[in-house]
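Peer 1: Dropping a prediction and its sequence here:
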Amino acid sequence: MIDKEKFHVLNYVKKEEYTASMNGMRYMLRKKKADDQDKLEVIIWPEPYCYAKTEEAKKQRAEFPFSKEGVMEAADWLNEQYEQQKPLWELSSQIAL
């Protein structure tokens, strides 16, 4: 699970995509322009492949405000998705390349 007290990625995401994984669930946070506003786009997908090598159909997306509060909402969403889809993440973490 993501510890929101230690999840300070906003300054990083201002310049680069932030990618990480959590027990079979890979995720990316990135800055996105939508209606002339900055948004925080969060994408999750199952292991073992990187974002570029994973089929689009296996990716799930959500958007949040591009702010500290938006990062906290994104962390909540990531934790919820991890718990709700735990069997998928556990299975994908067992796939060998």
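Peer 2: Sure, I can see it. Numbering: from 1, shown residues only.
Peer 1: For the spatially most central residue of the chain, I want the exact helix or strand it lies within.
Peer 2: Among the residues of the chain, the one closest to the centroid is residue 27, at 3.1 Å (C-alpha atoms, centre = their mean). In this structure, residue 27 is located in strand 25-34 according to DSSP states H and E.
Peer 1: Next: residue 90.
Peer 2: Per DSSP H and E: helix 86-92 holds residue 90.
Peer 1: Quick one: work out the angle between the strand or helix carrying residue 62 and strand 25-34.
Peer 2: Here residue 62, judged by DSSP H and E, is contained in strand 60-65. Put simply, strand 60-65 runs at 50 degrees to strand 25-34, going by axes from the mean of the first three to the mean of the last three C-alpha atoms, to 10 degrees.
Peer 1: Just the pLDDT for residue 96.
Peer 2: Looking at residue 96, its pLDDT is 62.
Peer 1: Could you name the helices and strands sitting against the helix or strand that the strand holding residue 62 is followed by?
Peer 2: Per DSSP H and E, strand 60-65 leads on to helix 68-84 as the next helix or strand towards the C-terminus. With contacts taken as 3 or more C-beta pairs under 8 Å, 6 or more residues apart in numbering; DSSP states H and E, helix 68-84 sits against helix 10-13, strand 25-34, strand 37-46, strand 60-65. All C-beta atoms are positioned from the backbone trio N, CA, C, and that covers glycine.
Peer 1: Which secondary structure elements does the last one sit against?
Peer 2: This means strand 60-65. Secondary-structure packing of strand 60-65 (3+ C-beta pairs under 8 Å, 6+ apart): strand 37-46, helix 68-84.
Peer 1: hmm, 10 Å instead?
Peer 2: Helices and strands touching strand 60-65, as assessed by 3 or more C-beta pairs under 10 Å, 6 or more residues apart in numbering; DSSP states H and E, comprise strand 25-34, strand 37-46, helix 68-84.
Peer 1: With the first one instead?
Peer 2: Helix 10-13 is packed against strand 25-34, strand 37-46, helix 68-84, with contacts defined by 3+ C-beta pairs under 10 Å, 6+ apart.
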